[in-house]
Structures are given as structure tokens and as C-alpha cells.
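1. Task: produce atomic coordinates for the following.
(chains A and B)
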Amino acid sequence: MLEVKDLHARVGEKNILHGVSLRVRPGELAVLLGPNGSGKSSLVRTIAGDPRYEIVSGQILLDGADITGLSPDERARQGLFLAFQSPPEIDGVTLATLLLKAAGRERDVRAFSELAKLAQRVGLDPSYLSRPLNVGFSGGERKRSELLQAIFLDRKYLLLDEIDSGVDIAGVRLIAQIVEDLRGAGKGILLISHNPNILNYLTVDRVYLLKDGAVVRSGDGSILQDVISEGFHD
Amino acid sequence: MIDEALVRQISEEHGEPEWMLRLRLNALHLYERMEEPKWLRGVDGLNLEDLVLYNGPKLHATSWDDLPEDVRRIYERLSLPEYEKEYLAGLATSLDSETVYSNVLDSLREKGVILEPMDVAVREHSDLVRKYFSRIFPMAEHRYAAQHYALWSGGVFVYVPPGVKLNLPIEAFFYISTELEGQFEHSLIVADRASEVHFIEGCSAPLFRNFSFHNGAVEIYAHENAYVKFTTVQNWSKNVINFNNKRAIAERGAFIEWVEGSIGAKTSIVYPSVVLRGEGAKTTMNVFSIAHGPYVKDGGAKIFHVAPNTRSTVVSKGISSDGGVNIYRGLIRILRGAKNAVSHVSCDSLLLDDRSEASTYPHAQVDEPTAVFTHEATTFRFSEDQLFYLQSRGLNEDEAKGLAVLGFIQDILRDLPLEYASVLREVLNADFSKGVG
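-> Purely as a prediction, here's the structure:
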């Protein structure tokens, strides 16, 4: 289980998270909703170990192990994956190079063809595997690349930050299907979305509503429509 | 102590002809008269008087088995014997001040190819050597060039006769094995008309407590329509001060392809230069340097366009991390009369963190109105977000930076001989994964 306990975090002097607690179990899909600036991305970045966010107090546990003080790569290897809302461009490093190295499969001859199949599955032309990371990728292509990485690296807990933004309707449906498949494969998923659209295709187990860096409402999937219709946009 | 007695001793021990002794003494007088160059950075505290300036093992072998056990072991550890068998047309290695091993394939010797230790060549091919020695890189260029010519020992001489094309490279390998040492090897490569040769220079030294001073020189002469590829990657240990004087002259239609890599050394000061002397001569120069840790890399390329229709391309890639400093100092000089000369320089810097520095001082002096000179410079910063992104995929900080570095210089890696590129990749991986600095 991914467990966040009373997490306080700040950037410089500015407090961003004011005591956030949440849980994601394996095979569970939790949704994190909240208005712009409520701290959703900050929360998942803090969980993943972004050094810009300083944890003031609280704990992050992964299957009972405290990962609060670990570096981002140590957290990743413990089973965490963050799909970035805005993945950065990295010239000179191709998607395939990164993934083969990260998975320790640089000398594995089958790994590349696996990647090519995964690319097709997420709707990304396999030629993108040999292109520098995110350079010249459209918004939607970046999201598909993030999803591909989530599948390939096979971490147990996935933090998906707006994995559907910038994607067309057919793409949203495809992404929702893949998210469901990942959950079916036992992944614990925390999904951030601004777009109620994708939620229509998903069976949500848990809902967290975030405002001003704190969880103001949480419950099981039955409160989802409620939260959406109340409008979490402010 | 650098004085006439030392210079005479070096000359005498090598049984040099009179002209070489005179050349050394002239250089010594210049060295004594010239002022310290003002553009030097990172050599403070360098006390040359403390260095053992000449340390010749006084042996020379043409077979690995002839070498003493301890010397042979050094080269075996570097896998040079295997490497020679598989990839090279010839190999010369230099230990401390002297060349201790040199060999060239029999088939090439029959065609008149010469690969000899420089001191042997000075004796046995005196007239041939004399035609070029110090004529390409003048001793009056600066004080350390003069010092080099006064004290040089070791290095190799390569001569490729007209029309002979070597399809395997020749490698020279330089190794500093004792502490407190100056190394002043001099290599001279002469490619006669329409010949082809690829010369690889490798450098290494184990880590000593104190620093060593390396002040070598490479002179290259490409006659009409000759092709010379010169590849060097220096990986001196982090207490070597590396100073190198390198120049090539290209006659009509000749092509000089140059790859100059600088990974190791405490301070490295190297500006390879090419003089495009004949019509239609061209050069491409790829320079890359890595300043990883509290080290200074001062490098760049100098190209002189003297004749019409000459072309040059310079690509410089500098990487700075952990407080490293990279300085690019380039010069493109296009003389009046070098009609339709074309030169393009691009300088890319990669900064892996905020503590590191990169400066570029490109300088062009174009006196020919029909010439075209273009220059571009780009600085890439490896941002916190890029690092976090790669780390969130499971790469540790050093692996992430190593990947960024390899990506940054991939065009140059592609241009290196395959086996060399893979060695370099391993060196870079080891360098960054150890977190040196």
C-alpha cells in the first residue's frame, strides 16, 4: 500500500501541503481532484521525491517501508512511478535509451521489440522510441509516452498526473482502458484529472478532493459524481 | 633545473645530430627570455623546478616480449597488445619520457611506411625529419612551446609515402608512470602526396599524490591530396597538468579530420590548430572536453585559411559539472586572398549544475571579402526538472548525468572508431558513476 501520512511540504518559505493523508492499495484506483493550484501536482511530486519540495513533517510509506528520506531513483526502484504533467524535453537521450537503462535491459535483445509493441498499444508511432525525449512531441504524444513508460517500467504504484490532457476523445478512451488494465494487473493507481471525461470510463475506488494543500473531502467511488457536480473547479 | 647542461645531456644520450642540439639550445634561449603567457589559467603553483624533467627508461623494443616484466604489465593492463593485434596497423607506446615499443605491420614497412620512436627517427631519418620538425609548430609561439623544444624526448615519427593508404589506424600511447614528472613527447606525422593515414593518440596515467606536467607536441603535415585523420582522447589522471602544442598543415586538396577529446587531467590547455595552406584544403575539427570536478579545461581550435576555396568546420562540445570550468578559445583567421573560403564554428556547452562554468571566446579575423564565416554558440543547462525526471525513472543522479553527457556528445562518438567509442563510453560511465570530483 502507498500511504501518505499527515504530509506537510513547502517550496522555499511557502507552505504548499498542509497535512495530507491518503492511501492507495494495490489493484485500487484512487482519483485526486481539486481546483487549479490546490496542490495536486505538488503532492504527487513530493511523493516521488522532487527535491524542490521540502518535506516539513509527515511520512510516505510504500508497503510499510518509510521512503520519505529516499532519493527519487530509490523511490522509483522501491516501486513508484510518476507520470509527469509536463514531461521535460531532454535532447540527446532517446526514449528507448532511457527505458532500457532504467529497466537494466540495455543488452536484452527482446526489450526493444517489446517497447515497439507497447508504443503501438498506447497509440504512439514506434519511431518515437528513437527520438530524443519529448523533443517535438505534441502534448498528447507526451502523455502516451508517459503511459508507455509506466507500463514498461512495471512499478507497483503509479502516480498519473493528468495523463489524459491534450489527448483526443478516442485517445482518452484508450488511455482509460489501459489504466483499467493496469489496475487489473494489480497496480495501485493515483490519478489526477481535470477532465471529468476520463472518469466516465473508469471505475473509481477512492476519491480525494484537495483544496489549498489539504484533503477536504474523501470517500469511495460513490461520491465521485457528487464531487464533480458540486464542481471542484473552485 | 632547466639549463644548458640538462639540454645537452638529453641530446647526447640520444646521440642526436648537431642540428637537433642547436635547435634545442635555441629553444632554451627563447624559453629563458620569453614571458609567462598571460592567458594561462589553472597552473598556479606550478613549479617546474620540482619536476623530474627527464626520465628515460632507455629501452626500446619491437616485440612485447622484449620489454621488462614491469613495463609490459602496465601495457597489458591497458590491453594494448590485444588491441594492437585486432585493430591497428602500427603501435608505439611511450613510458614517461621515452618511446619503449613500436611496431608496424610488415606489409606496410615494405611499402615504405615508417613508424619509429622520434629519437630513432632523428638519427636514422635525419634529413626527412629535419624537413618538418618544428616547422609546423614554431618554438617561438609561446614560452611553453619553447620549453617543449628544449626538453622534448619520446614521441613517434610516422611517414606515409605517396599514394599509400593505410586502412587500419596507427596508435601512439603515452603513459606517465612516476611521480613529479614532466613529459615532453613530440610526435610528427607526415602524409605524403595522396596518402591516407589515421593516427590515434591515447594518454593515461595512474593517480599520484603529486602532479605531473605534460607538455607534448604533435605536428602533422598533409601533402597534396593527402588525408590525415587524427584522433586523440586524453584521460590523464586528475593531477596531470596537460599542455599540448598541436598543429597540422594541409597542402592543396588535403583533408585533415581531427577529433580531440579531453576527459582527464587537472588542467588541460590544448588548442589544436590547422593551417589550410593549399587551395581547396579542408578540415573538420571535433573538440570535446569534460570538466568534471574542480578542474579546468581550456581548449579550442585554431584554423588559418591561407589559400582560396579552403573549408573548415569546427564543432566544440564542452561539458562542465561539479564545479568544473570549460573554456573555449577559438580562432578563425581568414587571410586576404583566401578567396571563397568557408568556415563554420559551433560551440555547445552543457552545464550539469549551477556550480559549473562554461565560457566561450570565439575569435574570427576575416580579411578576405569573398569568405564566409558563420558561428553559433548554445548553452544547454541540465535542469533540476530534467534530473528529477530521469531519476524518477530509476536512474541515480550519476547515471542520469552520464546519459545526458553521452547524448550531448553522441555526434562525436558516432565519428570515433567503434572500439574507441565503446572505450570512451565506459570511461565516461565509470567517471560519472564513481562521482569523481
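2. Excluding covalently adjacent residues, which one is nearest to the closest residue to chain B within chain A?
-> Proximity to chain B, evaluated over chain A using Cβ to the nearest Cβ, is greatest for A:G92 at 2.3 Å. C-beta: built from backbone N, CA, C; applies to glycine. Excluding its sequence neighbours, the residue lying closest to A:G92 (Cβ to Cβ, 6 or more residues apart in numbering or on different chains) is B:G407, at 2.3 Å.
3. need the contact list for the residue nearest the centre of chain B.
-> Nearest residue to the geometric centre of chain B (Cα atoms, centre = their mean): B:T232, 5.4 Å. Shown in contact with B:T232 (Cβ atoms under 8 Å, 6 or more residues apart in numbering or on different chains): B:I200, B:E201, B:G202, B:C203, B:V218, B:V259, B:E260, B:G261.
4. Over to A:G188?
-> Contacts of A:G188 (Cβ under 8 Å, 6+ apart): A:M1, A:L2, A:V24, A:R25, A:P26, A:G27, A:E28, A:A30, A:K156, A:Y157, A:L158.
5. Pull up the per-residue confidence for the residue nearest to the centre of chain B.
-> Here, the pLDDT recorded for B:T232 equals 84.
6. ditto for B:K238
-> B:K238 is given a pLDDT of 69.
7. One more: A:I169?
-> 88.
8. Could you count how many residues lie near it?
-> 8 (other Cβ atoms under 10 Å in any protein chain shown).
9. Skipping adjacent residues, who's closest to it in space?
-> A:N197 (7.6 Å).
10. wait, that neighbour sits on A:S165?
-> No. In terms of Cβ atoms under 8 Å, A:N197 does not count as a neighbour of A:S165; the distance is 10.5 Å.
11. More neighbours: the two, which one.
-> Ranked by neighbour count (other Cβ under 10 Å), A:N197 and A:S165 place A:S165 first, with 18 against 14.
12. isn't the more buried one right next to A:K143, touching?
-> Yes. The pair A:S165 / A:K143 is scored as a contact, 6.7 Å apart, by Cβ under 8 Å.
13. Counting neighbours, what do you get for A:G64?
-> 7.
14. show me the contacts for it.
-> So A:G64 contacts A:M1 (Cβ under 8 Å, 6+ apart).
15. before we move on, the earlier item: tell me the buried residues within the contacts of A:G188.
-> Taking 16 or more other Cβ atoms under 10 Å in any protein chain shown as the criterion, what is buried in these is A:L2, A:V24, A:P26, A:E28, A:A30, A:K156, A:Y157, A:L158.
16. Which neighbouring elements make contact with the helix or strand that contains the residue nearest to A:G92?
-> Using DSSP states H and E, the element containing B:G407 is helix B:397-408. Helices and strands touching helix B:397-408, as assessed by 3 or more Cβ pairs under 8 Å, 6 or more residues apart in numbering or on different chains; DSSP states H and E, comprise helix A:72-78, strand A:90-94, helix A:95-102, strand B:311-321, strand B:342-351, helix B:384-392, helix B:418-433.
17. Single out the most deeply packed of the ones you listed.
-> strand B:311-321 (a mean of 24; mean count of other Cβ atoms under 10 Å in any protein chain shown).
18. Now do the contacts for the residue nearest to A:Q149 when sequence neighbours are not counted.
-> Distances taken as Cβ to Cβ, 6+ apart place A:L99 nearest to A:Q149, at 6.3 Å, with adjacent residues excluded. Neighbour list for A:L99: A:L115, A:Q149, A:F152, A:L153, B:R393 [criterion: Cβ under 8 Å, 6+ apart].
19. Restricted to helices, list those.
-> A:L115, A:Q149, A:F152, A:L153 (DSSP state H).
20. Tell me, please, where in chain A the pLDDT is lower than the cut-off.
-> Scanning chain A for pLDDT under 70 picks out the ranges A:231-234.
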